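**Student:** pasting the structure only:
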Ligand code: NDP
C-alpha cells in the first residue's frame with residue numbers, strides 16, 4: 001500500500017525533531033505535527049529558559065563576591081520584565097532555528113494536534129495522513145496536586161511569564177523543578193519557602209548529596225518546611241494562605257506547584273488503536289521504542305523512561321537510525337549523567353551510595369567537602385561536595401556526585417569515564433588540572449567509612 005509518508009511524528013519537541021530530521025536525512029518521506037511551538041518543553045518552557053533564569057539570578061552573589069577582589073560595585077537594580085523579555089527573544093530565536101532545522105532536512109511540518117485514527121493514520125487539523133510508521137513524541141506536562149484551591153497556584157509553565165517578581169513565593173515539591181525554581185526566585189531576591197513532604201529534597205539522589213544541597217540552599221536563604229503536606233490554598237486579597245496537614249497556615253504571595261509531571265497520552269486515540277500503557281500511564285515500549293502496535297513507536301517523556309532531553313534525543317536518533325538508517329541501535333539508559341541546576345548545582349552519574357551498596361555489596365567511598373578557592377577572598381562560606389563510589393571487587397567507579405559550582409560541566413566529563421568503565425586506579429593515574437575544583441576527582445585517596453544514612457526512600 002502506498003502511504004503519504006514513510007514516517008509521521010506526533011510532537012515536535014527535542015525527541016520528535018531529532019527523530020524526524022535523522023529519518024528525513026536518511027531518505028525517508030517524513031512529516032511532523034505540533035499543536036504548540038516547535039521545540040517542545042525543553043526549548044520553550046523547560047531547560048533552556050530555566051537555565052537563562054538561573055544565570056540571571058546568580059548575579060547578586062557575583063556582585064557580593066566581587067568586593068573581596070577589590071571591586072566596588074555600585075548600587076545594583078534588577079528588572080524582572082527585562083530578563084523575561086530577553087529570555088523570550090532568545091526562545092523566539094530558538095523556535096525559528098528548530099523550524100529551519102526541520103525544513104532544511106525536508107521534514108513537512110503540520111500545525112495542529114495529532115490524533116491516531118488507526119495503526120497507520122494520523123489526523124491533524126481535520127486532515128488525515130497515512131504513514132508506514134508513526135512515532136509518538138508528545139512529552140509530558142506539569143500536574144497540580146489534587147488539593148483544594150490548587151487553581152490559585154502556578155506551575156513552571158506560568159513561572160516563565162510572570163508579569164512581576166513576587167516578594168514571597170511558596171514552592172511545593174522537592175524534585176528537580178522545585179529546587180531549581182527555589183534557587184532562581186531566592187537569587188532574584190524573593191523570600192522563598194520550599195515545602196517538601198519528606199525530610200529531604202531530591203528523592204532518589206545520593207543521600208549525602210540531598211543533605212548537602214538542602215544545607216547550602218538554607219545557607220543562601222531558602223526557608224525549608226520539610227515533612228509538610230499542603231491540604232488547601234486559599235486566596236486572601238493579594239495573598240495566598242497555604243494550609244498544611246498539621247493545621248498550620250503559611251502566608252505567601254504566590255504558590256508554585258512543582259509536584260511532578262505526567263506523560264501526555266490523553267486524546268491521542270491510543271485506546272482505540274490498541275497502544276498499551278504501563279502502570280504509570282506512559283506508553284509502554286520495548287527496548288527498540290516500539291509500542292504494542294508494531295507500526296507505532298514512542299520516544300521521550302511520553303514513555304517515562306528517563307525524562308531528560310538528551311535521553312529523548314538519543315531515543316529519537318537511534319530509532320531513526322534503526323528504521324531508516326540501516327543501523328539498528330537500542331538506546332542505552334545505563335549511566336546517564338544528569339544535573340540539577342539548583343544553586344549550588346548538582347551533577348551526578350551512576351549509582352548513589354545506597355544503590356552501589358545494594359548492587360555491589362562491598363564498596364569504597366571517597367568523599368571530599370571543601371570551600372572553593374574563589375570564596376577564600378570573597379568570604380562566602382559555601383562548601384562543595386564531591387564523591388566517588390567504587391566497587392571494591394573490580395575497582396570500577398560506579399558513581400560520581402558533586403554539589404558545587406560548575407558541577408554540571410565537571411560531571412559531563414566524569415560521565416565519559418564512568419560510562420567507559422574506568423577504575424579508581426585510572427582516576428588516580430590521571431593528572432589533575434591545578435588549581436580547579438575538578439582536580440579533586442583525581443586526587444581523592446582516603447576511603448571514607450560508609451554513611452550510616454538510612455537508605456533512600
Ligand atoms: P519530580 O518527579 O522530580 O519531583 C516531584 C516532587 O513533587 C517530588 O519531590 C515529590 O515528592 C513531590 N510530590 C509529588 N506529588 C506530590 C503531592 N501530591 N504532594 C506533595 N508533593 C508531591 O518532578 P519535577 O516536576 O521536579 O520534574 C519532572 C521531571 O523533569 C524530572 O523527573 C526530571 O527528569 C525532569 N527535569 C529535569 C531537569 C534537569 O535535568 N535539570 C530539570 C527539570 C525537570 P516525593 O519525592 O515524595 O515523591
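**Tutor:** Structure's in. What do you need? The model shown is predicted, which means the values in this text are computed figures rather than measured ones.
**Student:** and this protein, which of its residues are near the ligand?
**Tutor:** 145, 173-178, 180, 197-198, 203, 229, 258-261, 307-308, 338-341 (Cβ under 6 Å from any ligand atom). (C-beta placed from N, C-alpha, C; glycine too.)
**Student:** show the average pLDDT along the lengthiest helix in the chain.
**Tutor:** Counting residues, the longest helix found in the chain (DSSP state H) is helix 80-105. Mean pLDDT, computed over helix 80-105, is 98.
**Student:** following that helix in sequence, what is the next regular element?
**Tutor:** Sequence-wise, the next helix or strand downstream of helix 80-105 (DSSP states H and E) is strand 108-111.
**Student:** find the closest residue to the ligand in the stretch 301-450 of the chain.
**Tutor:** Closest to the ligand within the stretch 301-450 of the chain is residue 307: 3.6 Å, counting by Cβ to the nearest ligand atom.
**Student:** assign the residue nearest to that residue when sequence neighbours are not counted to helix, strand or coil.
**Tutor:** Spatially, and ignoring its direct neighbours in sequence, residue 307 is nearest to residue 301 (4.7 Å; Cβ to Cβ, 6 or more residues apart in numbering). The local conformation at residue 301, judged by DSSP: H, G, I helix; E, B strand; the rest coil, is helix.
**Student:** quick one: residues contacting residue 301.
**Tutor:** Each residue near residue 301 by Cβ atoms under 8 Å, 6 or more residues apart in numbering is listed here: 41, 139-140, 261, 263-264, 307, 312.
**Student:** for the buried ones among the residues of the chain next to the ligand, write the corresponding PyMOL selection.
**Tutor:** Filtering the residues of the chain next to the ligand down to the buried ones (16 or more other Cβ atoms under 10 Å) takes a single PyMOL command:
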select buried, resi 145+173+174+175+176+177+178+180+197+229+258+259+261+307+308+338+339+340+341
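**Student:** now the strands for the stretch 51-200 of the chain?
**Tutor:** Secondary structure of the stretch 51-200 of the chain (DSSP state E, counting those that start in this stretch): strands located at 108-111, 114-118, 121-124, 127-136, 140-142, 168-172, 191-195.
**Student:** the ones you listed: which one's closest to residue 82?
**Tutor:** If you check each of these against residue 82 by Cβ to Cβ, strand 168-172 wins as the nearest, at 19.5 Å.
**Student:** which residue does this structure have closest to the ligand?
**Tutor:** residue 175 (2.0 Å).
**Student:** I figured the residue of the stretch 301-450 of the chain closest to the ligand hits residue 261, correct?
**Tutor:** Yes: assessed by Cβ atoms under 8 Å, residue 307 is found in contact with residue 261 at 7.0 Å.
**Student:** identify the contacts common to those two.
**Tutor:** Both residue 307 and residue 261 are contacted by 140, 301, under the criterion Cβ under 8 Å, 6+ apart.
**Student:** pLDDT score assigned to the residue nearest to residue 307?
**Tutor:** 98.
**Student:** state the distance from it to residue 91.
**Tutor:** Note on residue 301: its distance to residue 91, by Cβ to Cβ, to the nearest Å, is 19 Å.
**Student:** which residues are in contact with the spatially most central residue of the chain?
**Tutor:** Central residue of the chain (Cα atoms, centre = their mean): residue 308, 5.5 Å from the mean position. Neighbouring residues of residue 308 by Cβ under 8 Å, 6+ apart: 336, 338.
**Student:** quick check: it vs residue 280, distance?
**Tutor:** Plainly put, residue 308 is 16 Å away from residue 280 if you go by Cβ to Cβ.
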